[in-house]
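In: got a predicted structure plus its sequence, pasted below:
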Amino acid sequence: MIKKISICGKGGSGKSVIITLLANAIRKKGYNALVVDTDESNTGLYKMLDFEEAPETLSESFGGRKGITKYWNENRLGDLLSDTMQRKSIFTKNGIGLLSIGKIVDAGGGCACPLNAVVREFLKIYESGETEILLVDTEAGVEHLGRGNEKYVDAIIIVVDPSYESLELAKRAMKLSMNLGIPDERIYIITNKVDDDTNKILMNGLKERGLESNFAGSVKLDAKIREANILGKPIIEYEGCAAQDIEKILNNIMAKK
């Protein structure tokens, strides 16, 4: 069974919305969903999931960048993670958990390398529960693939929005994912924020790039979700057309062993 799923795509493609709707669809199937926020920039995922506040990040639990770098340099990051996870309470609400790796909040604080090291080590050592599915909300682009984070997941969903850049990124993400050892049949592409005409154009774009066999479904453009995103309102309980599309996609993915 697929237990760890990474969701990736270009900035603005709708990864966090897809993750939120997937978490709800997983919950409705009787599983627990653990959402792991690895995006060091975006801060609004907790609102989409209807948590009252953002959780303390793992980075904060480690004492910040200095703490991570110390253990990273000593090759003991796994030990630090294991110890912290035994003591740390994961935010949970109605069958959905939220864990945030860390955010860049200080000017001149340096690159995201230490945070990515934590992501990679976490995915390596974390064992999902018997009825738990882990969903990874990645940073925009493909840097996380270049760092090898996805080496420790079971499947990858590439979100494609209506843009040339998104199609091109999907092609690169596909290649990088396979280079990390993810089987072709475990790499799924979904088109997001589409109507019928737009989806036909995107499907032609996927076909031109040899990606049509990885297509797992499309998610319609949804005005209510767009409004909720602007206002910072939760969408976890939303049952409109986009949520229905995600349920169909999840059924397709879970049908594959």
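Out: Structure received. Small disclaimer: the values here were computed from a predicted structure and weren't measured.
In: what is the least confident helix or strand in this structure?
Out: When each helix and strand of the chain is scored by mean pLDDT, DSSP states H and E, helix 65-73 comes last, with a mean of 71.
In: buried stuff in that one?
Out: Arg65, Gly67, Ile68, Thr69, Tyr71, Trp72 (16 or more other Cβ atoms under 10 Å). For glycine as for every other residue, the C-beta is placed from the backbone atoms N, C-alpha and C.
In: go on, stretch 78-97?
Out: Leu80, Leu81, Phe91, Gly95, Ile96, Gly97.
In: so which of those sit within helices?
Out: Leu80, Leu81 (DSSP state H).
In: pick the one among the buried residues of stretch 78-97 closest to Thr191.
Out: Nearest to Thr191 among these: Ile96, at 25.0 Å, using Cβ to Cβ.
In: where's Glu60 relative to Leu34, distance?
Out: Look at Glu60 and Leu34: by Cβ to Cβ, to the nearest Å, they are 19 Å apart.
In: centre of the chain to the least confident helix or strand of the chain, how far?
Out: Relative to the centre of its chain, helix 65-73 is centred 25 Å away, using Cα atoms, centre = their mean, to the nearest Å.
In: that one - contacts with which helices or strands?
Out: Using 3 or more Cβ pairs under 8 Å, 6 or more residues apart in numbering; DSSP states H and E, the elements in contact with helix 65-73 are helix 77-87, helix 113-125.
In: and Leu99, which helix or strand is it part of?
Out: Leu99 is part of strand 96-100, with elements assigned from DSSP states H and E.
In: again with Glu60
Out: Using DSSP H and E, Glu60 falls in helix 58-61.
In: hey, where'd the helices end up in this protein?
Out: 15-28, 45-48, 58-61, 65-73, 77-87, 113-125, 143-146, 164-179, 196-208, 223-231, 241-254.
In: so which of those is nearest Gly217?
Out: Once the helices of the chain are compared by Cβ to Cβ, helix 241-254 is nearest, at 3.9 Å.
In: could you give the angle of that closest one to helix 223-231?
Out: Using axes from the mean of the first three to the mean of the last three Cα atoms, to 10 degrees, the direction of helix 241-254 lies 100 degrees away from that of helix 223-231.
In: which positions in helix 241-254 come out as buried?
Out: For helix 241-254, using 16+ other Cβ under 10 Å, the buried residues are Ala242, Ala243, Asp245, Ile246, Glu247, Ile249, Leu250, Ile253.
In: let me know the average pLDDT across it.
Out: The average pLDDT for helix 241-254 rounds to 93.
In: kindly report the same for stretch 17-32.
Out: Averaging pLDDT residue by residue across stretch 17-32 gives 95.
In: if we can go back for a sec, the more surrounded of Glu60 and Leu34?
Out: Leu34 (24 against 14; other Cβ atoms under 10 Å).
In: just give the closest residue to the more buried one, not the sequence neighbours.
Out: Gly97 (4.3 Å; Cβ to Cβ, 6 or more residues apart in numbering).
In: cool, and Tyr152?
Out: Leu123 (3.9 Å).
In: who's in contact with the one you found?
Out: Neighbouring residues of Leu123 by Cβ atoms under 8 Å, 6 or more residues apart in numbering: Lys4, Val136, Asn149, Glu150, Lys151, Tyr152, Val153.
In: please look at the fourth one and Ser6 and confirm they touch.
Out: Yes: when contacts are counted by Cβ atoms under 8 Å, Glu150 is listed as touching Ser6 (5.1 Å).
In: quick one: low-confidence ranges for the stretch 151-257 of the chain?
Out: For the stretch 151-257 of the chain, applying pLDDT under 70 flags the ranges 256-257.
In: so what's Gly129 up against?
Out: So Gly129 contacts Asn32 (Cβ under 8 Å, 6+ apart).
In: ok, the closest residue to Thr198 other than its chain neighbours - how many residues close by?
Out: Closest residue to Thr198 apart from its sequence neighbours, by Cβ to Cβ, 6+ apart: Pro162 at 5.0 Å. The number of residues packed near Pro162 is 18, by other Cβ under 10 Å.
In: kind regards, and thank you for your time.
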